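>>> What follows is a predicted protein model with its sequence.
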Amino acid sequence: MADSHRDRPMRWAARREDGLRRLSALTVGVALASAVATGVLVVAAQHASDKGGASTGSGASSSQDGLRGPSGAPVPAQEPPVGLSSGS
Amino acid sequence: MMPAFGAAATGSTAPDSTDTSDADTGVDTDTAAEWSALGTTVRLVVTDPGRLALGRALLEAELAAIDAACSRFRADSELRSLDNSGGRPTPVSPLLAEALAVALRAARLTAGLVDPTVGEAMSTIGYDRDFALVAGHGPALTLRVRPVPGWRRVSLDPARRVVTVPPGVRLDLGATAKAFAADRAADRLGAALGCGVLVSLGGDIAFGGPTPARGWVIRVQDTPSRLSDPPRGPAVTVRLRGGGLATSSTSARRWTRGDVMLHHLVDPLTGLPAASPWRTATVHAATCVDANTASTAAIVRGAGAELWLADLGLPARLVTVDGAVRTVAGWPTEPATPPLPEEDP
């Protein structure tokens, strides 16, 4: 049967509803993907932390729990020493 | 004798006319004391002579507590009681829980190069009692390559202070306990005494309280000796302003069985003394524990140690088995010195 002016608003409404459903599904999909990606990043960060991430530069550490460097490097001294660090 | 402490405390390099150093030990008796504990030499230095006696009393109490909790050689130690725990979850004291946490952290941060489950391996190679009682020479041993059980098999619940050690696994906290004790004691003494404090336990050094104006002056060398003795092999004197300093060496604590030289730095992968291109590693870090963890791991890691230390940003001094000195991450370079002559343990 030929398209009539009376049917058009109903078809437009149906198309609009269908479009909104698709948009909604897309939004949920994007949100899920984002959550999964965030989870992956968190797990990866935890894994790196467990491995004790390397420090970079004297006194700086890229990990809260890595081996930490001193605030400054040793400098040569001429005075008599007060302490001795040797194999023990 | 030159003053042992006055120079660093005052920033002067001139001899102190009131020096009361002990001629035998190199200890300035006004500001430093030296004695034996934990199977090694303890050295305490303070910037206020009036606080030395109290400082020594506090340090002796600290070390007695550490020994009772962590000794592998005392039958009555808390650590030894874990040998018979049969794999059951066992409550431990706050002190042992902290020492175990430090040891397991060192293992994790070094990918198992510094592993507290080397107790049985240590005994197998002959280090089964206080080192002073280990015979320097003995008959040949039959040793097999066998990895240690591994630190991941030890479970610690730090909140409940409960540890689970599987049957047959024997712990040895020797790689971290002295450094842990030095850090802990230096913090406590610095707060209690209100002056600058240096705590050295067999060369594992930590600082507490206010830093002297010109820092702390420390000699670094391969072999244990008195500060008053001239160093054997390559040595250097450096100034530090805090943190911790530790030296690990295969030149110390070694013994022979048959014609094989053994030492106390065990490679967890083989359960045998590490075969390393380095005989000594000295590391400066934010704490003595971190310094000692890195210096021990450097010896065991071997050829890759220089890059590893540089990547971590830990100033370090490595001595090859031939006596050549290599420095990384800002440790000052030094002139070449003659190699250390071999001698019987």
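Yes, it's here. Please read these numbers as outputs of a predicted model, since none were measured by experiment. Numbering: from 1, shown residues only, chains lettered A, B, ... in the order given.
>>> And the helices in the stretch 151-300 of chain B?
For the stretch 151-300 of chain B, the helices defined by DSSP state H, counting those that start in this stretch cover B:177-193, B:288-301.
>>> Low-confidence bits of chain A, can you list those?
Where chain A drops to pLDDT under 70, the residues are A:1-14, A:16-17, A:19-21, A:23-64.
>>> at 80 what do you get?
Filtered on pLDDT under 80, chain A yields the residue ranges A:1-64, A:87-88.
>>> Of all the residues in it, which one is nearest chain B?
A:Gly87 (2.3 Å; C-beta to the nearest C-beta). Every residue, glycine included, has its C-beta placed from N, CA and C.
>>> Just list the residues touching the residue nearest to that residue when sequence neighbours are not counted, thanks.
Residue nearest to A:Gly87 in three dimensions, not counting chain neighbours: B:Ser249, with 2.3 Å by C-beta to C-beta, 6 or more residues apart in numbering or on different chains. With contacts defined as C-beta atoms under 8 Å, 6 or more residues apart in numbering or on different chains, the neighbours of B:Ser249 are A:86-88, B:222-223, B:279-281, B:299, B:319.
>>> Make TSV out of the residues you listed and add distance to B:Phe131 and neighbour count.
TSV is the format used below for these (distance: C-beta to C-beta, whole Å; neighbours: other C-beta atoms under 10 Å in any protein chain shown):
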residue	distance to B:Phe131	neighbour count
A:Ser86	14	26
A:Gly87	12	27
A:Ser88	9	23
B:Asp222	17	23
B:Thr223	14	19
B:Arg279	18	26
B:Thr280	18	30
B:Ala281	19	30
B:Ile299	17	26
B:Val319	21	28
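>>> Tell me which entries of those residues lie within strands.
Counting by DSSP state E, the part of the contacts of B:Ser249 found in strands is A:86, B:279-281, B:319.
>>> List the residues that contact B:Ala316.
Going by C-beta under 8 Å, 6+ apart, B:Ala316 touches B:281-284, B:294-295, B:298, B:309, B:327-329, B:331.
>>> run the last query once more with 7 Å
B:281-283, B:298, B:309, B:328-329, B:331 (C-beta atoms under 7 Å, 6 or more residues apart in numbering or on different chains).
>>> With B:Asp128 instead?
Applying C-beta under 7 Å, 6+ apart, we find B:Asp128 in contact with B:Met122.
>>> Give me the three-state assignment for it.
Assigned with DSSP: H, G, I helix; E, B strand; the rest coil, B:Asp128 falls in the coil class.
>>> so where is the stretch 151-300 of chain B shaky, pLDDT-wise?
By pLDDT under 80, the weakly predicted segments of the stretch 151-300 of chain B are B:223-225, B:232.
>>> Residue of it closest to chain A, please.
B:Ser249 (2.3 Å).
>>> And the stretch 51-200 of chain B, by the same measure?
Closest approach between the stretch 51-200 of chain B and chain A, counting by C-beta to the nearest C-beta: B:Leu109, at 4.0 Å.
>>> What is the burial count for that residue?
B:Leu109 is flanked by 23 other residues according to other C-beta atoms under 10 Å in any protein chain shown.
>>> where does it land on pLDDT?
According to the prediction, B:Leu109 has pLDDT 98.
>>> ok, so what distance separates it from B:Gly323?
30 Å (C-beta to C-beta, to the nearest Å).
>>> Chain A contacts on the stretch 51-200 of chain B?
Counting by C-beta under 7 Å from any C-beta of the partner chain, the stretch 51-200 of chain B comes close to chain A at B:108-109, B:198, B:200.
>>> What is the burial count for the residue nearest to B:Gly243 when sequence neighbours are not counted?
Using C-beta to C-beta, 6+ apart and skipping the chain neighbours, the partner closest in space to B:Gly243 is A:Pro70 (3.7 Å). For A:Pro70, the neighbour count with other C-beta under 10 Å is 26.
>>> Repeat that for B:Pro94.
Neighbours of B:Pro94 using other C-beta under 10 Å come to 10.
>>> Spit out the contact partners of it.
B:Pro94 touches B:Arg161, counting by C-beta under 7 Å, 6+ apart.
>>> picking up where we left off before, measure the residue of chain A closest to chain B to B:Leu58 for me?
A:Gly87 is 27 Å from B:Leu58, by C-beta to C-beta.
>>> returning to what we had before: from the ones in strands among the contacts of B:Ser249, pick the one nearest A:Gln78.
Nearest to A:Gln78 among these is A:Ser86, at 19.6 Å by C-beta to C-beta.
>>> Which strand residues bridge the closest one?
Taking DSSP bridges as the rule, A:Ser86 bridges to B:Gln221.
>>> list the buried ones in stretch B:132-148?
Within stretch B:132-148, the residues that count as buried by 16 or more other C-beta atoms under 10 Å in any protein chain shown are B:134, B:143, B:148.
>>> So what touches stretch B:78-91?
Residues from elsewhere that reach stretch B:78-91, judged by C-beta under 7 Å, 6+ apart: B:68-72, B:74, B:92-93, B:96, B:161-167, B:170-171, B:173.
>>> B:Pro116 is in contact with B:Leu171, isn't it?
Yes. Using C-beta atoms under 7 Å, B:Pro116 makes contact with B:Leu171 at a distance of 5.0 Å.
>>> Now name the helix or strand holding B:Ala305.
helix B:305-312 (DSSP states H and E).
>>> Give the buried residues for that helix.
The neighbour-count check on helix B:305-312 (16+ other C-beta under 10 Å) flags B:305-306, B:308-309, B:312 as buried.
>>> then it to PDB, C-alphas only?
The C-alpha atoms that make up helix B:305-312 are tabulated as PDB, following Å, rounded to 0.1, in the frame of the first residue of the first chain:
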ATOM      1  CA  ALA B 305      75.100  -5.000  38.700                       C
ATOM      2  CA  GLU B 306      76.500  -1.700  37.400                       C
ATOM      3  CA  LEU B 307      73.600  -1.100  35.000                       C
ATOM      4  CA  TRP B 308      71.100  -2.100  37.700                       C
ATOM      5  CA  LEU B 309      72.500   0.200  40.300                       C
ATOM      6  CA  ALA B 310      72.800   3.100  37.800                       C
ATOM      7  CA  ASP B 311      69.200   2.600  36.800                       C
ATOM      8  CA  LEU B 312      68.100   2.700  40.400                       C
END
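>>> Mind giving me the packing neighbours of that helix?
Packing partners of helix B:305-312 (3 or more C-beta pairs under 7 Å, 6 or more residues apart in numbering or on different chains; DSSP states H and E): strand B:278-285, helix B:288-301, strand B:316-320, strand B:325-328.
>>> what mean pLDDT does the third one have?
Put plainly, it is strand B:316-320. When pLDDT is averaged along strand B:316-320, the result is 96.
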